[in-house]
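**Student:** below: sequence and its predicted model.
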Amino acid sequence: MNRYIIEFGIGMDFHGQNVSKAAAKAAKNAISSSCLCGLSEVLGMEELSQVKVKVTIAVPRPEEVNHQQVADCFPIGSVEVQAVNGGLHFPGLCLPQFGDRDDSIEVAVAAVEVVIPERNAVPE
């Protein structure tokens, strides 16, 4: 397997202190400025289900990340999600009517790798 693209994204949950919501936003942010046209136009891949998407999510409480919620952000390939300690827990505004438990903003950082089978790699 060879990495074809690496993208980074950031996502926040301003109210509700939900690291999964922040993680999904970070994943969507990472892929929102990417077009994988090279998979078909350069590599000749017709079936994009062959790709593997590796997602590393850094959040303050990685044990709370719903991996499936993050994986559901990706429309192609098999998706592997790993949550690690990181991100940011930053003071904001507590509005109980918005579902807040405290005044924190949860910030997630996503690193997304698209990996392709070696047989599809560009020849040297």
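**Tutor:** Alright, I've got the coordinates. Owing to the predicted nature of the structure, the values given are computational and were not obtained by experimental measurement. Residues are numbered from 1 along each chain as shown.
**Student:** what residue is smack in the middle of this structure?
**Tutor:** residue 27 (2.6 Å; CA atoms, centre = their mean).
**Student:** so which residues of the protein form helices?
**Tutor:** In the chain, the helices defined using DSSP state H lie at 19-31, 37-41, 67-71.
**Student:** tell me the mean pLDDT for the last one?
**Tutor:** Spelled out, that is helix 67-71. The average of the pLDDT scores along helix 67-71 is 98.
**Student:** quick one: it to chain centroid distance?
**Tutor:** Helix 67-71 sits 9 Å away from the centroid of its parent chain (CA atoms, centre = their mean, to the nearest Å).
**Student:** please list the residues outside it that contact it.
**Tutor:** Residues from elsewhere that reach helix 67-71 (CB atoms under 8 Å, 6 or more residues apart in numbering): 20-21, 23-24, 27, 55, 57, 79, 81, 83, 110. Placement of C-beta: from N, CA and C, glycine included.
**Student:** how about those residues in TSV, adding distance to residue 14 and pLDDT?
**Tutor:** Formatted as TSV, the contacts of helix 67-71 follow (distance: CB to CB, whole Å; pLDDT from 0 to 100):
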residue	distance to residue 14	pLDDT
20	14	97
21	10	97
23	14	98
24	14	98
27	17	98
55	22	98
57	18	98
79	26	97
81	23	98
83	20	98
110	17	98
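**Student:** quick one: which of the residues you listed has the most company?
**Tutor:** Within the contacts of helix 67-71, most neighbours by other CB atoms under 10 Å means residue 23, with 32 neighbours.
**Student:** least confident secondary structure element in the protein?
**Tutor:** Ranking every helix and strand in the chain by mean pLDDT, DSSP states H and E puts helix 37-41 at the bottom, with a mean of 83.
**Student:** for that one, buried residues please.
**Tutor:** residue 39 (16 or more other CB atoms under 10 Å).
**Student:** same question for stretch 88-107.
**Tutor:** Those would be 88, 92, 100, 104-107, for stretch 88-107 by 16+ other CB under 10 Å.
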